[in-house]
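Novice: Dropping the sequence and predicted coords here.
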Amino acid sequence: MKYLILTNHSYMLWQFRRELIEKLATTGEVVISTPFNGHEEDFLKKYRCIETTIDRRSVNPIKDYLLYCFYKKLISTERPDVVVTYSIKPNIYGGYACRKLGVPYCVNVQGLGTAFEKKWLAPIVTAMYKVALKEAKVVFFENHANASEFLERGIIKSSVTKVLNGAGVNLDTFRYSEYPKDVDGIRFLYLGRIMKEKGIDELLEAIRHLKAKYGSLIKFDMVGFFEDEYKETINSMSRNKLIDFHGFQKDPTSFYVSSHCVVLPSYHEGMSNVLLEAAAIGRPLICSDVPGCREAVENGTTGFLCKKKDATSLQDAMEKFILLNNEERVAMGKRGREKMEQSFDKCDVVKKTIRAINK
């Protein structure tokens, strides 16, 4: 078998899909089409990578047509037995190319993103997806709500739909770690892109209120890269000791380990890998009650859910956690680890994925 993988980000593929790729490589050749953005060297050691130009946020039809032409030529040249795509542009334009050439393809919808939230854009994306996925062998989703959205819009048929528990979490890589003492205060961690859709506005507002109320009893670590609109705010809050900003970290494990609770007030997710990793390490979670987040949490048992786009609800959830005693927090984290073992083991997700790809 020859597998051609189309993605828009080498780092994300390496972080969350390398176990799948390693398993595919035991049964055949794996070729990866990806932008070269500084993280592809991990793949280059084992697999042949083809540099691909993708403007992830552009809606320029000329650029997108060129991407379609690139995929069509690539697939014609490589002659794969099956193509596996990740993220919206590879899904759509890779899907178009595979349909044109009659090559089997498997699509991964890792979340709906902003495309389905913008009223003017949703009908366009729906129409494009209908064409792109018409002959897909299987369409993977990371939560049932996203799959239902595609079915209700008539984009796909239920016969090709496969819902997995996200990418799963590697329970050996993210081992349970002893819960930290709170002698220096309770440490909350936000890990991810610092952007509006991740609920950053609500999080920063909640932080301001909670720091004013609890002072040095609580601390806030932020790990990730920010979009330009947040640069001044993040730098200012960091200077004023409201947050500890650590920038992008290739290996965030130590931040999970030193935290008491991980917070993600996102507006939408496919399945949050941050929440899965944090829970696997044994850390309670606070997140929005939205698809892709709520599946990782048992409200009141392994963490707390809050309302989407609601700073007050987020603040209340964080305060509930602050008022727990240490034994209650430890127990909450342990139950989170058990949940990951029962439902989100990456080994199980990889087996189900390969079974569907090779069917």
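Specialist: Done, it's in. Numbering: from 1, shown residues only.

Novice: Now do residue 58: how many residues are near it, please.
Specialist: 12 (other CB atoms under 10 Å). Every residue, glycine included, has its C-beta placed from N, CA and C.

Novice: list the contacts for it?
Specialist: Residues near residue 58 by CB atoms under 8 Å, 6 or more residues apart in numbering: residue 64.

Novice: What of residue 155?
Specialist: 126, 129, 130, 133.

Novice: Could you give me the buried positions within the one helix or strand residue 64 maps to?
Specialist: Per DSSP states H and E, residue 64 falls inside helix 61-78. Judged by neighbour count (16 or more other CB atoms under 10 Å), helix 61-78 contains these buried residues: 64, 67, 68, 70, 71, 72, 74, 75, 78.

Novice: for that helix, what is the average pLDDT?
Specialist: The pLDDT scores in helix 61-78 average 96.

Novice: And the contacts of that helix?
Specialist: Outside helix 61-78, the residues touching it (CB under 8 Å, 6+ apart) are 2, 4, 6, 31, 33, 50, 52-55, 58, 83, 89-90, 93-94, 96-98, 100-101, 103.

Novice: what's the following helix or strand after that helix?
Specialist: Next element after helix 61-78 (DSSP H and E): strand 82-86.

Novice: Tell me the strands beside that next one, with direction?
Specialist: strand 2-6 (parallel), strand 105-109 (parallel) (DSSP bridges).

Novice: after that strand, next one along is what?
Specialist: Per DSSP H and E, the helix or strand that comes after strand 82-86 is helix 88-101.

Novice: Determine which of the strands paired with strand 82-86 approaches residue 283 most closely.
Specialist: strand 105-109 (26.9 Å; CB to CB).

Novice: distance between that closest one and the chain's centre?
Specialist: 16 Å (CA atoms, centre = their mean, to the nearest Å).

Novice: now swap in stretch 340-356 and tell me
Specialist: With CA atoms, centre = their mean, you get 16 Å for stretch 340-356.

Novice: Okay, buried residues for that stretch please.
Specialist: Result for stretch 340-356 [16+ other CB under 10 Å]: buried residues 340, 344, 345, 346, 349, 350, 352, 353, 356.

Novice: Residue 294: which of the residues you listed is nearest?
Specialist: Closest to residue 294, out of all of those and judged by CB to CB, is residue 344, at 13.6 Å.

Novice: need the contact list for that closest one.
Specialist: Residue 344 touches 165, 166, 168, 169, 276, 279, 280, 296, counting by CB under 8 Å, 6+ apart.

Novice: so residue 24 sits right up against residue 30, yeah?
Specialist: Yes - taking contacts as CB atoms under 8 Å, residue 24 lies within contact range of residue 30: 5.5 Å.

Novice: Spell out which residues are contacts of both of these two.
Specialist: Common contacts of residue 24 and residue 30 (CB under 8 Å, 6+ apart): residue 3.

Novice: what would the buried residues of helix 61-78 look like in JSON lines with distance to residue 194?
Specialist: As requested, these are exported to JSON lines (distance: CB to CB, whole Å):
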{"residue": "64", "distance to residue 194": "27"}
{"residue": "67", "distance to residue 194": "27"}
{"residue": "68", "distance to residue 194": "32"}
{"residue": "70", "distance to residue 194": "31"}
{"residue": "71", "distance to residue 194": "31"}
{"residue": "72", "distance to residue 194": "36"}
{"residue": "74", "distance to residue 194": "34"}
{"residue": "75", "distance to residue 194": "36"}
{"residue": "78", "distance to residue 194": "37"}
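
Novice: Count the residues that sit near residue 308.
Specialist: So residue 308, with other CB under 10 Å, has 18 neighbours.

Novice: In contact with it, which residues are there?
Specialist: 199, 265, 267, 288, 289, 290.

Novice: what's the weakest-modelled helix or strand in this protein?
Specialist: Ranked by mean pLDDT, DSSP states H and E, the weakest helix or strand in the chain is helix 41-44, scoring a mean of 77.

Novice: Helices of this protein, start to end?
Specialist: 10-25, 41-44, 61-78, 88-101, 122-132, 144-152, 200-214, 231-239, 253-258, 273-281, 311-322, 326-343, 346-357 (DSSP state H).

Novice: and those helices, which is most packed in?
Specialist: Of all the helices of the chain, helix 273-281 carries the top mean neighbour count, a mean of 27, counting by mean count of other CB atoms under 10 Å.

Novice: can you dump the C-alpha coordinates of it into PDB?
Specialist: This file holds the C-alpha atoms of helix 273-281, laid out as PDB (Å, rounded to 0.1, in the frame of the first residue of the first chain):
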ATOM      1  CA  ASN A 273      -5.900  17.500  22.400                       C
ATOM      2  CA  VAL A 274      -4.900  19.900  25.200                       C
ATOM      3  CA  LEU A 275      -7.700  18.700  27.400                       C
ATOM      4  CA  LEU A 276      -7.000  15.100  26.700                       C
ATOM      5  CA  GLU A 277      -3.300  15.500  27.500                       C
ATOM      6  CA  ALA A 278      -3.900  17.400  30.700                       C
ATOM      7  CA  ALA A 279      -6.500  14.900  31.900                       C
ATOM      8  CA  ALA A 280      -4.100  12.000  31.100                       C
ATOM      9  CA  ILE A 281      -1.500  13.600  33.300                       C
END
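
Novice: Mind giving me the packing neighbours of that helix?
Specialist: Counting contacts by 3 or more CB pairs under 8 Å, 6 or more residues apart in numbering; DSSP states H and E, helix 273-281 packs against strand 186-191, helix 253-258, strand 261-264, strand 285-288, helix 326-343.

Novice: Residue 238 and residue 184, how far apart?
Specialist: 18 Å (CB to CB, to the nearest Å).
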